[in-house]
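Enquirer: I would like the atomic coordinates for the input below:
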Amino acid sequence: MQLIRGLHNLVQISSASVVTIGAFDGLHLGHQAILNRVKQLAEAANAVPTVVLFEPQPSEYFAPDQAPARLSRFRDKVELLMSYGIQRIVCLRFNQQIQNMTPVEFVSRVLVEGLKTQHLIVGDDFRFGANREGDFALLQQLAPQSGFIVEDTPTTEVHGERVSSTRIRELLLSGDCAQAKQLLSRDFSIQGHVGKGRQLGRTIGVPTANVALRRRRSPLHGVFAVRVLVAGEWHQGVANIGVKPTVGAEPIPSLEAHLFNFDQDIYGQAITVVFLTKLRDEQAFSSFAELQQQIARDQQAARDYFVNEFKVIE
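Expert: Modelled structure (predicted):
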């Protein structure tokens, strides 16, 4: 797999590409259908299946405080795109240069000269170039003279509703992990490295693995039954994701997971937390003792879930 960062590094590309462009946040079923089409066309044309991403995402560049919560970080996207057979990922920094590029210049410099595009697949609502003046109709006009074919993406529906990152965010925020799983074709998960928190859990016999989310906002909040992957082994547990209002609200959300029957030092290790079902919303308690009692109830609720609803896959 080839990862190319920045406009100036497009000179590294010497082979023809079949290209799609987008945020690909979450890599859901709709995205997967697009990637399958990209791979199919690339194989037929002896070209490289290529995905173009922007960092930051345009919505984050223009309105960072209002941008939607990310379902997947850049690193997560790269790993997922590789797993779906994409051989080239181009990450363009969304900055003033990209913002001010005219649609014609974008087609010429990025699609033709840079990517050597043979086939381009984008949504019919795709907008690009300065002031978002470029659209699918313009691409249809420019494509023949530029030497590539453009087609719009198929619509993927589940239960009569369009699959989208927005829909998945709504489901996660409401705690519907099962429906989100359907649209993602996998359980929603968060990866990160374990760091040292306040270590309050240890004082009450409930040590937690603390993971900094490294994002402005989280796509889900509350207490969940989870599976956690540590050093290649799966463990059951319970996790809280939020600002921990009882022990002093934090400015940005964090994730802490308690693993059942687990007593190892995993500081600095990468873990994956898989969210299975929501147990309750995060809430402020009047005392630490009251919080401690609720934690015990959360643990029991999670254990009951695993006994009644879930079998661990070894």
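Enquirer: Next, the buried residues of stretch 275-291.
Expert: Phe275, Leu276, Thr277, Lys278, Leu279, Leu291 (16 or more other CB atoms under 10 Å). (Glycine included, C-beta is placed from N, CA and C.)
Enquirer: With adjacent residues omitted, what lies nearest to the last one?
Expert: It stands for Leu291. Distance criterion CB to CB, 6 or more residues apart in numbering; nearest residue to Leu291, sequence neighbours excluded, is Phe285 at 4.4 Å.
Enquirer: How much space separates that neighbour from Leu255?
Expert: 19 Å (CB to CB, to the nearest Å).
Enquirer: go on, Leu229?
Expert: Counting by CB to CB - Leu229 and Leu255 are separated by 14 Å.
Enquirer: Neighbour count for these two, which is higher?
Expert: Neighbours per residue (other CB atoms under 10 Å) separate Leu229 from Leu255, with Leu255 holding more: 23 against 15.
Enquirer: mean confidence for the helix or strand containing the more buried one?
Expert: In the assignment (DSSP states H and E), Leu255 maps to strand 254-259. Mean per-residue pLDDT for strand 254-259: 92.
Enquirer: buried ones in the host helix or strand of Met82?
Expert: According to DSSP H and E, Met82 maps onto helix 74-83. Neighbour counts using 16+ other CB under 10 Å place Asp76, Lys77, Val78, Leu80, Leu81 of helix 74-83 among the buried residues.
Enquirer: Pull the most distant pair out of the residues you listed.
Expert: The span of the buried residues of helix 74-83, defined through CB to CB, is set by Asp76 and Leu81 at 9.5 Å.
Enquirer: So the residue nearest to Leu291 sits against Lys244, correct?
Expert: No - applying CB atoms under 8 Å as the test, Phe285 and Lys244 come out as separate, 10.7 Å apart.
Enquirer: circling back to that earlier point, so which helix or strand takes in the residue nearest to Leu291?
Expert: Residue-wise, Phe285 maps onto no helix or strand under DSSP H and E.
Enquirer: which ones are touching the residue nearest to Gly134 when sequence neighbours are not counted?
Expert: If the residues on either side of it in the chain are set aside, Gly134 comes closest to Pro103, at 2.9 Å by CB to CB, 6+ apart. By CB atoms under 8 Å, 6 or more residues apart in numbering, the contact list for Pro103 reads Phe128, Gly129, Ala130, Glu133, Gly134, Leu138.
Enquirer: before we move on, what about Arg75?
Expert: With contact set as CB under 8 Å, 6+ apart, Arg75 has these partners: Gln191.
Enquirer: which residues touch stretch 137-155?
Expert: 20, 30, 33-34, 37, 103-104, 107-108, 111-112, 117-124, 126, 136, 162.
Enquirer: if you set the cut-off to 7 Å instead, what comes out?
Expert: Applying CB atoms under 7 Å, 6 or more residues apart in numbering, the external contacts of stretch 137-155 come out as 33-34, 103, 107, 111-112, 117-124, 136, 162.
Enquirer: Please check these and keep the buried ones.
Expert: 34, 103, 107, 111-112, 117-123, 136.
Enquirer: Among those residues, name the ones in strands.
Expert: Using DSSP state E, the members of the buried ones among the contacts of stretch 137-155 that fall in strands are Thr117, Gln118, His119, Leu120, Ile121, Val122.
Enquirer: Quickly list what the fifth one is bridged to.
Expert: Ile121 has these beta-bridge partners by DSSP bridges: Thr20, Glu151.
Enquirer: Fine by me, we can end here.
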